[in-house]
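Peer 1: below are the sequence and a predicted model; questions follow.
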Amino acid sequence: MHLTQTVTRGALLKANRTALLCSDRSLTWHEFHGRVARLAGVLADLGVTADTGVAMFADTDFPYFEYHYAVPWAGGVMVPLNTRLADPELGYILNDAEVKVLIVDQAYAARVPALLKLAPGVRHVLAIDAGAGSGDALDYETLLAARAPVPDARRGGGDLLAIMYTGGTTGRPKGVMTSHANAVANMLAAIPNMEFHEDMVYLHSMPVFHTAGSARVYGTMMALGTGIVLPRFDMDALFDAVEQHRVTHLLLVPTMINRLLNHPRFARTDFSSLTNISYGASIMPEALLRRALTLLPGVRFTQSYGMTELSPSAAWLQPKYHVLEGPNAGRIKSIGQAIHTAEIRIAGDDDVELPHGEVGEIQVRGPMVMQGYWKQPELTAQTLRGGWMHTGDAAWMDEEGFIYLVDRLKDMIISGGENVYSGEVENALHEHPGVRECAVIGLPDDDFGERVHAIVVPHDGVTLTPEEIVGHCRALIAHYKCPRSVEIRATPLPLSGTNKILKRQLRDEALAQR
């Protein structure tokens, strides 16, 4: 199957139905199909052929959706840019991926001249808004209006679709190579597990430069649903969109679910249209999930486990397991079971599968696994050794294949010779009614090697003390797992571009204070 087949099918079956809506603007499937085919022609005119890198540096809007289909339509390779990265990081990516065309919107236009100096290989800048980019930038809409559609290059299978950059252990971003087959495998798994259908109204609130956001683009459009677009995540805009457009489906990370439930507008917002909330990207504290299930009783929840290297999902916890009573009640502690096309095992350091119940590394194989890391054959061989994707996540599996995530291996804290999983401690912290947000990290300790350090944000009007937090944890988990130091802070925890808590930044701040 070709990824672009979705657009052709939508234009045939739902020509005059709304495909995308952003603010007061909308595109039908017929209009979207035409713009994709014409943008592919523009890219071809700019020299985009098989495997040419095309980068996008913009907020989420119609052009970003067009980009996701027009680049493969022209035969090129997508290189979406994280808007939170600094210029040197972006320059490295543009050079590393050998990008020839850069598409930019007004929000990031001022940064283009610096990027072009860092990445002289970029030959053309396509400006979405008037005045965006450098003086030599080409106008997106002008070229699009003047260009005739071109035939679909019909890229598919193992052809390279995108190079998605993620954090690297060396400090340099690493490019994850995903194929068309990877994307199609994800779509086919997402549609039944997330209950997608053609009458759905999906709110695109996550940035689509990220693999989770782009995967929802593909899944929603393959199901022929309607997409509501938020250019940037904003809680008030989310509340407005849910009510105004009668949103049925939504993706949020646990941090944002927490902020949603604690927002002053939550209690007075009409969520009656909402049928499914999917979540993932980090461990969901059980206390937070129980609260969400209680406060949103009409919503079915779906958990997705994965990462960029898995395109992005390999396991799902289906809505039927998001219950507080009955035979399936205990499953909310799990991240789910392997999707239809995935094999998942828990293995030890020797890559030998462990018995059920023992903690080891999650390893995955199947059509969702990336092709490898761009220009990093040694890292690719290490990560995919033995035919299994080594995720770096620690978990255990029960006899029915339900997986219970305990931590990222790199976030595991070894204190006094004992393994402490930060997710378990964070789960205990969330049980305290006064805790709004929290994060647990390991800090150097002369006596224990590492000590468990907690950063806690209280609810408004609540006063917490480190002693109270430690005492609370000691009632729930083993003493060696409890925080040995606690920071109480009034400001929200720092978030990444995908709304995950930036533990590395918190760790750097704590070390600087030492």
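Peer 2: Nice, thanks for sending it over.

Peer 1: which strands and helices sit next to the longest helix along the chain?
Peer 2: Taking DSSP state H as the criterion, the chain has its longest helix at helix 29-45. Applying 3 or more CB pairs under 8 Å, 6 or more residues apart in numbering; DSSP states H and E, we find helix 29-45 packed against helix 5-13, strand 18-22, helix 62-74, helix 140-146. The way it works is simple: take the backbone N, C-alpha and C, and place the C-beta from them, glycine included.

Peer 1: sheet-wise, list the partners of the shortest one with their directions.
Peer 2: When sheet partners are counted by DSSP bridges, strand 18-22 sits next to strand 25-28 (antiparallel), strand 226-229 (parallel).

Peer 1: separation between the residue nearest to residue 334 when sequence neighbours are not counted and residue 253?
Peer 2: Counting by CB to CB, 6 or more residues apart in numbering, residue 334 lies nearest to residue 402, which is 4.2 Å off, once chain neighbours are set aside. According to CB to CB, to the nearest Å, residue 402 stands 21 Å off from residue 253.

Peer 1: ditto for residue 244
Peer 2: 23 Å.

Peer 1: higher neighbour count, these two?
Peer 2: residue 253 (22 against 10; other CB atoms under 10 Å).

Peer 1: neighbours of the residue lying closest to the more buried one once chain neighbours are set aside, how many?
Peer 2: Nearest-residue entry for residue 253: residue 281, 4.4 Å, with adjacent residues in sequence omitted and distances by CB to CB, 6+ apart. Using other CB under 10 Å as the criterion, residue 281 is surrounded by 23 other residues.

Peer 1: circling back: quick one: contacts of the longest helix of the chain?
Peer 2: Under the contact criterion CB atoms under 8 Å, 6 or more residues apart in numbering, helix 29-45 has outside partners 4, 7-8, 10-11, 13-17, 19-20, 27, 54, 62, 65-67, 69-71, 73-76, 101, 126, 143-145, 147-150, 152-153, 224.

Peer 1: list the buried ones in it?
Peer 2: Neighbour counts over helix 29-45 (16 or more other CB atoms under 10 Å) mark 29-44 as buried.

Peer 1: find the centremost residue of the protein, please.
Peer 2: residue 212 (3.5 Å; CA atoms, centre = their mean).

Peer 1: could you say which helix or strand holds it?
Peer 2: Using DSSP states H and E, residue 212 sits within helix 211-222.

Peer 1: quick one: that helix to helix 5-13, angle?
Peer 2: Orientation note: helix 211-222 sits at an angle of 30 degrees relative to helix 5-13 (axes from the mean of the first three to the mean of the last three CA atoms, to 10 degrees).

Peer 1: mind listing the strands for the stretch 101-250 of the chain?
Peer 2: 124-127, 138-139, 160-166, 174-179, 201-204, 226-229, 249-252 (DSSP state E, counting those that start in this stretch).

Peer 1: let me know the outermost residue of this structure.
Peer 2: Residue of the chain lying farthest from the centroid, by CA atoms, centre = their mean: residue 447 (37.8 Å).

Peer 1: list phi and psi for that one.
Peer 2: With angles defined as degrees, to the nearest 10, residue 447 sits at phi -90, psi -40.

Peer 1: residues near residue 401, how many?
Peer 2: Neighbours of residue 401 (other CB under 10 Å): 13.
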